[in-house]
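Asks: this one's structure only:
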C-alpha cells in the first residue's frame, strides 16, 4: 500500500471539512481501512509494532492530505505506542479497544489541558477529580483543546483522586458515557476539522480499575518528531501546489510560465532546501530513537517546524494575492502550518533547555581542565 494513495484520498475532502469545521469521519475511515490507525499496536497484541520512523512517515503522508485527520490519528498512534512500551491499560480494557479497532475506527486521546491550569507541562495539578463511590470513581472536570473529542471511543482523562494523599493519573472513560458532554467551542485559525472541543465531565462513573497511574513510557520524542513530520507534510503540499501554479501561470506580457524564470526557480530551490534538510533531520532522529540512541527531539521539532512554516510563508510571498484566496489551498496550508508552534515542547522551552545544557557542559569541561 502506497501512502501517496492515502494522501490523495484525504486531500479530496480536506478543504470541505476545513471550510465547515466538520469532523473528517470519511478521512478517519480511510486511515482505518489502510491499517494505519493501529500501526503502532505491539506485535504481542497482533499489531504491526511500528516504531517512530514508520510513524513519522505515516503522519507526514496524512498531514500532506488532511492535517486534521493526521492529528487525530497521531493521538491514537501515540496511545498504542505507549502501551507497547510500558503497558498501563488494564488488560480487559485494552482488549476491548483492540476488538473495536478490528471492526472500525477506535480513536483514543489523552485529555490533559484545563482552563485554569493550561498546559500540564508547565507544572501544576489537575482540577479534574475522581471521587470514590463504592467500587467506582465519579469523575468530574473540564478539559479544553480535546482533539477529536466528539469521535473518541476512549478518553484518557488526566486527573487526581480525592484520596489523602491524592494520586495523579488517568481515568479511562468510554466516549459517550453518561455525564460526558462535548461543548463545540473549537473555532480556530487552523486545523479546524480536528474539532478540538471542550469536554465536560459531570460525575462520570467508571470502575476503580479504570484509573491508571503507570504508563510512564517516555514518548516525548514521538510527540515532538511525529507532529513535526505532520507539519512537514503540510508544507510539502504547499510546495506541490506552488510548483503546479508556477507551471500553469503564464502572464500575457511574459508569454511563458513563471516556472521558466530564474527568480522563481531559485525561490523554489530555497523552499526545497528547507524541506529536504528538515525532513532528513526528523527521519534521522526518528531512526536513531528506534535504535535506542539518545536524540534531542526538541531541537528536531524546532528546526523542522520552523522550516515548515518558513517554506509555506515563502510560497505565499512568492505567489501574492492568489496565495491568500480561499479557493486556493495555499491559504489553508498557511493557517494549518502555523499550528505547529503550539504543540509541546514549545520553542521557548526547547531553546532554554538547549542553552542550559550547552552552558552546563562548558562549566563541566572547565572544572575538569587542570
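Replies: Received, thanks. The model shown is predicted, which means the values in this text are computed figures rather than measured ones.

Asks: helix or strand: which one has the closest residue to residue 94 other than its chain neighbours?
Replies: Spatial nearest neighbour of residue 94, excluding adjacent residues (C-beta to C-beta, 6 or more residues apart in numbering): residue 83 at 6.2 Å. (Glycine included, C-beta is placed from N, CA and C.) Assigned by DSSP states H and E, residue 83 belongs to helix 67-85.

Asks: mind giving me the packing neighbours of that helix?
Replies: Using 3 or more C-beta pairs under 8 Å, 6 or more residues apart in numbering; DSSP states H and E, the elements in contact with helix 67-85 are helix 3-20, helix 25-33, helix 52-65, strand 107-111, helix 220-248.

Asks: next structured bit after the fourth one?
Replies: Helices and strands here follow DSSP H and E; after strand 107-111, the next one along the chain is strand 129-133.

Asks: chain center to the very next helix or strand once past that next one, what's the gap?
Replies: Next in sequence after strand 129-133, counting helices and strands by DSSP H and E, comes strand 136-146. Put simply, strand 136-146 sits 21 Å off its chain's centre (C-alpha atoms, centre = their mean, to the nearest Å).

Asks: and the contacts of strand 136-146?
Replies: 109, 111-115, 126-132, 152, 155, 157, 159, 161, 171, 173, 179, 185, 196-208, 210-211 (C-beta atoms under 8 Å, 6 or more residues apart in numbering).

Asks: contacting residues around residue 351?
Replies: residue 302.

Asks: centre of the chain to the helix or strand encompassing it, how far?
Replies: Element membership for residue 351, per DSSP H and E: helix 347-368. Relative to the centre of its chain, helix 347-368 is centred 28 Å away, using C-alpha atoms, centre = their mean.

Asks: swap in stretch 229-237?
Replies: 12 Å.

Asks: now stretch 288-297
Replies: Distance, centroid of stretch 288-297 to centroid of chain: 19 Å (C-alpha atoms, centre = their mean).

Asks: now the end-to-end length of it.
Replies: 10 Å (C-alpha to C-alpha, to the nearest Å).

Asks: burial count for residue 361?
Replies: 10 (other C-beta atoms under 10 Å).

Asks: return the residues in contact with the residue nearest to residue 94.
Replies: 41-42, 45, 89, 94, 215.

Asks: which pLDDT does the model give residue 202?
Replies: pLDDT, residue 202: 98.

Asks: helices or strands up against the helix or strand where it lies?
Replies: Here residue 202, judged by DSSP H and E, is contained in strand 197-207. Where contact means 3+ C-beta pairs under 8 Å, 6+ apart, strand 197-207 is packed against strand 136-146, strand 152-161, strand 168-174, strand 180-183.

Asks: tell me the most buried of these?
Replies: strand 152-161 (a mean of 23; mean count of other C-beta atoms under 10 Å).

Asks: where does the prediction get shaky in the stretch 251-370 of the chain?
Replies: Within the stretch 251-370 of the chain, the stretches with pLDDT under 70 are 363, 365-367, 369-370.

Asks: if we use 80, what do you get?
Replies: For the stretch 251-370 of the chain, the stretches flagged by pLDDT under 80 are 362-370.

Asks: likewise the stretch 1-150 of the chain?
Replies: 1, 117-124.
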